[in-house]
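**Q** Generate coordinates for the sequence data below:
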Amino acid sequence: MMKPKPTRLSVLLTVFLVTVAFAQREFRVESRPDGQRPENPGQQWALLVGIDRYDSERISPLRYCVADVSAFKQMLVDPAVGGFAPNQVYLMTNRDTGTTRPTNTNVIFRLKKIVEQVKPEDTFVFYFSGHGMTRDGKPFLLSVNADARDLDTLELSAIPVEKVKQILSSIKAHQTLFILDACRNDPSSGRGDEDNPLTQAFARGIQVRPKLRTAGLPSVTATLYACSLGERAYEWPEKQHGVFSYYLLEGLQGKAATPGGEVTVASLAEYTQQGVTQWAKENLSGGK
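**A** Model prediction:
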């Protein structure tokens, strides 16, 4: 029996709240039906940040973060997949210069500007791929200019997760998707092969609950992590992508489509988790 051809990405139309952890050993999805859709589907916005190389020699380089977010952008602007307007998808990578270079101030400024433009019927996607770390219980996303010597330098140069949460908590979007791939390896120079597992403080810090914005229409939010608590994400040299991103992209291209032909967060999460789990069984010793 032939599967129906996937339609455009239905970002969050079938779930009210989803918190997903893509793990090697566990998978959790919490959801409630959302039977309401906006009469006006609204506009679609995205901010995609990918950082392979950092200004500081103290922070170890990564390989495929820029490739991951760049490919994700192509999926979003593809009329057959995401259908996002290209001028409303903002890509910031370490290869950029000027205002699109992902420094702490540039990322925070761009995030605030997008949030100010988003309307209640709109959709917003925020994807960060790079290093993240927790210092003295405070989680940070490492911007390209991050100085990780101590808590004080981090607060002045990196992106506090609490600041991101503060900005996003005021977003008016009906549908919001957060994707975080920030726990690949230890960002400290010379320790790049050591694990940098997702911590409770980091995961809890980014959980955003947008408020009710439209009469009778609940906000819909999902957060997708590249790994689960106590785990780390991995890169896949053969595919030139992170493992999580590779299966995420495959899912968006239609492999995660439901029987009705839509790629939803729930179906995308399930497909990606299955792929990551199988990859881990085949490539990690000890069944980790």
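**Q** quick one: the strands in the stretch 1-150 of the chain?
**A** 17-21, 44-50, 89-93, 123-129, 132-135, 138-141 (DSSP state E, counting those that start in this stretch).
**Q** nope, the stretch 151-288 of the chain is what I meant
**A** Counting by DSSP E, counting those that start in this stretch, the strands of the stretch 151-288 of the chain are 159-160, 175-181, 220-225, 235-236, 241-242.
**Q** Looking at those strands, which is nearest to D150?
**A** strand 159-160 (14.4 Å; CB to CB). The way it works is simple: take the backbone N, C-alpha and C, and place the C-beta from them, glycine included.
**Q** In the sheet, which strands lie alongside the closest one, parallel or antiparallel?
**A** strand 138-141 (antiparallel) (DSSP bridges).
**Q** Could you list the alpha-carbon positions for the partner strand in CSV?
**A** C-alpha atoms of strand 138-141 as CSV (Å, rounded to 0.1, in the frame of the first residue of the first chain):
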residue,chain,number,x,y,z
LYS,A,138,23.3,28.8,35.5
PRO,A,139,22.9,27.5,31.9
PHE,A,140,24.3,29.4,28.9
LEU,A,141,24.2,29.1,25.1
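**Q** CSV please, covering the strands of the stretch 151-288 of the chain and showing distance to G137.
**A** Below are the strands of the stretch 151-288 of the chain laid out as CSV (distance: least, CB to CB, whole Å):
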stretch, distance to G137
strand 159-160, 12
strand 175-181, 18
strand 220-225, 19
strand 235-236, 28
strand 241-242, 26
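**Q** The ones you listed: lowest mean pLDDT?
**A** Among these, strand 220-225 carries the lowest mean pLDDT, at a mean of 74.
**Q** by contact count, what packs against it?
**A** strand 17-21, strand 175-181, helix 265-283 (3 or more CB pairs under 8 Å, 6 or more residues apart in numbering; DSSP states H and E).
**Q** hmm, try it at 10 Å
**A** strand 17-21, strand 123-129, strand 175-181, helix 200-205, helix 243-250, helix 265-283 (3 or more CB pairs under 10 Å, 6 or more residues apart in numbering; DSSP states H and E).
**Q** Just the buried residues of it, please?
**A** V220, T221, A222, T223, L224, Y225 (16 or more other CB atoms under 10 Å).
**Q** can you check stretch 153-172 too?
**A** Buried residues in stretch 153-172 (16+ other CB under 10 Å): 154, 157-161, 163-165, 167-168, 171-172.
**Q** for stretch 56-64, same thing?
**A** Quick answer for stretch 56-64 (16+ other CB under 10 Å): S56, I59, S60, L62, R63, Y64.
**Q** Need the winner for burial among the helices and strands packed on strand 220-225.
**A** Highest mean neighbour count among these (mean count of other CB atoms under 10 Å): strand 123-129, with a mean of 26.
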